[in-house]
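Chemist: what shape does this take:
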Amino acid sequence: MARVLYSCCGEGQGHSSRVHTVTRALTSLGHEVKILASHKAFRVLQPCLADVREIPGFTFVYQNNRVELMTTAWGNLPLLRHRGRVIREIAGLIEAWQPHLAIADFEPFLPRAAGLTGLRCISLDHQGVIPFAHPPLPWNQRVSALAARAVVGLTSYRAEARLATSFFYPPLPAGGNVHFYPPILREKVRQIAPRDDGHVVVYQTSSSFTRLPELLKHLPFRFKVFAFENAPAGEDGNVSYYPRSDARFIEEVGTASWVLTNGGYTLMSEALFLGKPVFSLPVAWQFEQWLNAYYLQDLNYGSMCDDLRDFPAKIREFTGRLEVYRKNISQQNFCGNEAVLAHILKFLPAGKPAPVVAV
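Modeler: Have a look, this model is predicted:
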């Protein structure tokens, strides 16, 4: 069977969730997988997969629900200076282990090491849709859009194929090496039988959004908030608080009426799979989140609000259209696990079409 070297971006739960799901599918078919991950992704993956190694990775700095661009750039400068050493170390691992394929999930160093050693490399992430999505941009998104598209180019460097999972599908470019698929979902999500118990689940990528409780208290809904990692569980009027990593989180999404979140792709995809409309408050200066929220609204799966001054009016409009959103969501496929696995297997020795398995 084949050996696969798989690298993972350290920021955002979607990367580690996707890598975990795909790795389990490959190992269930007898393939051997080594994971390279940084920061949060390493801490998540190392306890639950057989061979996970820590590598350096880039990070984002958040403040008051926005990315602090200058602080983020300054904090990542040392890693930029030493990137050559990181790439050489990964190249040494490739020479020693002799994998058949490299897969990069929005991680920039493995593709370059693969290029140095002649190893076949593909990318598999959500960010791969960004260069091909060209909605009309407000002025305050143009700089972050340029930056996001440049970063995606760095992380898919010389990829033989670029596989991107998404709930929206921009026009495919000519050439044939870019492929869009529905989301890759965790087995736990696929096992949920969704229903509507009337509450609203709130999740925030960054716990820096300190105005959130104030906004929720004035709304006529029962909220279950998973946003502040170190906050004790408790209730404050119509708002119940839970740690962001609470194990019950996805079950609460499955029984929610709708979901309020930033613009993170993973929760949006899981909520849509479970039939839940989404109200999105994308993190400022995070173009990927704005783009996800834009298409969520454009496809009538939910609504977005990127200016808190519009929040009360937007919420009223959103809750008045919940049935429209639910109908549109019910007509789409939000699970691409088997199709993505089948595509990956084409790059492995004696690759065969993927069996229908619970990926």
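Chemist: could you pull out the helices for the stretch 101-250 of the chain?
Modeler: For the stretch 101-250 of the chain, the helices defined by DSSP state H, counting those that start in this stretch occupy 109-117, 142-155, 187-190, 212-217, 249-254.
Chemist: looking at those helices, which is nearest to Asp236?
Modeler: Proximity to Asp236, assessed across these by Cβ to Cβ, is greatest for helix 212-217 (7.0 Å). Quick note: C-beta positions are derived from backbone N, CA and C, even for glycine.
Chemist: packing partners for that closest one?
Modeler: strand 223-226, strand 239-242 (3 or more Cβ pairs under 8 Å, 6 or more residues apart in numbering; DSSP states H and E).
Chemist: make CSV out of these and add distance to Gln332.
Modeler: Conversion of the helices and strands packed on helix 212-217 to CSV gives the following (distance: least, Cβ to Cβ, whole Å):
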stretch, distance to Gln332
strand 223-226, 25
strand 239-242, 29
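Chemist: any idea which of the ones you listed is most buried?
Modeler: strand 223-226 (a mean of 22; mean count of other Cβ atoms under 10 Å).
Chemist: paired strands for that strand, with orientation please.
Modeler: Partners of strand 223-226 in the sheet, by DSSP bridges, are strand 200-203 (parallel), strand 239-242 (parallel).
Chemist: name the surrounding residues that touch it.
Modeler: With Cβ atoms under 8 Å, 6 or more residues apart in numbering as the test, strand 223-226 has contacts from 199-204, 212-213, 216, 238-244, 246, 249, 252, 256, 260.
Chemist: how about a cut-off of 7 Å?
Modeler: Contact with strand 223-226 is made by 199-203, 216, 238-242, 244, 246, 249, 252, as judged by Cβ atoms under 7 Å, 6 or more residues apart in numbering.
Chemist: export the helices and strands packed on helix 212-217 to a markdown table and tack on distance to Glu11 and mean pLDDT?
Modeler: A markdown table is the format used below for those (distance: least, Cβ to Cβ, whole Å; pLDDT from 0 to 100):
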| stretch | distance to Glu11 | mean pLDDT |
| --- | --- | --- |
| strand 223-226 | 18 | 92 |
| strand 239-242 | 22 | 90 |
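Chemist: for Trp285, find the nearest of the ones you listed.
Modeler: strand 223-226 (23.1 Å).
Chemist: alpha carbons only: can I get the closest one in PDB?
Modeler: Listed next in PDB are the C-alpha coordinates belonging to strand 223-226 (Å, rounded to 0.1, in the frame of the first residue of the first chain):
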ATOM      1  CA  PHE A 223     -29.000  31.300  22.600                       C
ATOM      2  CA  LYS A 224     -26.400  28.700  23.400                       C
ATOM      3  CA  VAL A 225     -23.000  30.400  23.000                       C
ATOM      4  CA  PHE A 226     -19.700  28.500  22.300                       C
END
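Chemist: and that strand, how far out from the chain's middle?
Modeler: The chain centroid and the centroid of strand 223-226 are separated by 20 Å, computed with Cα atoms, centre = their mean, to the nearest Å.
Chemist: got it, and stretch 224-243?
Modeler: Here stretch 224-243 is found 23 Å from its chain centre; the criterion is Cα atoms, centre = their mean.
Chemist: quick check: end-to-end length of that stretch?
Modeler: 10 Å (Cα to Cα, to the nearest Å).
Chemist: quick one: low-confidence parts of the stretch 201-350 of the chain?
Modeler: 205-210, 229-233 (pLDDT under 70).
Chemist: filter the contacts of strand 223-226 to the buried ones?
Modeler: 199-203, 216, 239-242, 244, 249, 252 (16 or more other Cβ atoms under 10 Å).
Chemist: just the residues contacting stretch 276-283, thanks.
Modeler: With contact meaning Cβ under 7 Å, 6+ apart, stretch 276-283 is reached by 62, 65-67, 205-206, 253, 256, 258-263, 268, 271, 289-290, 293, 296, 301-306, 315, 318, 322, 325-326, 329.
Chemist: ok, back up a step: of the contacts of strand 223-226, closest to Pro349?
Modeler: For these, the nearest to Pro349 is Phe249 (39.0 Å; Cβ to Cβ).
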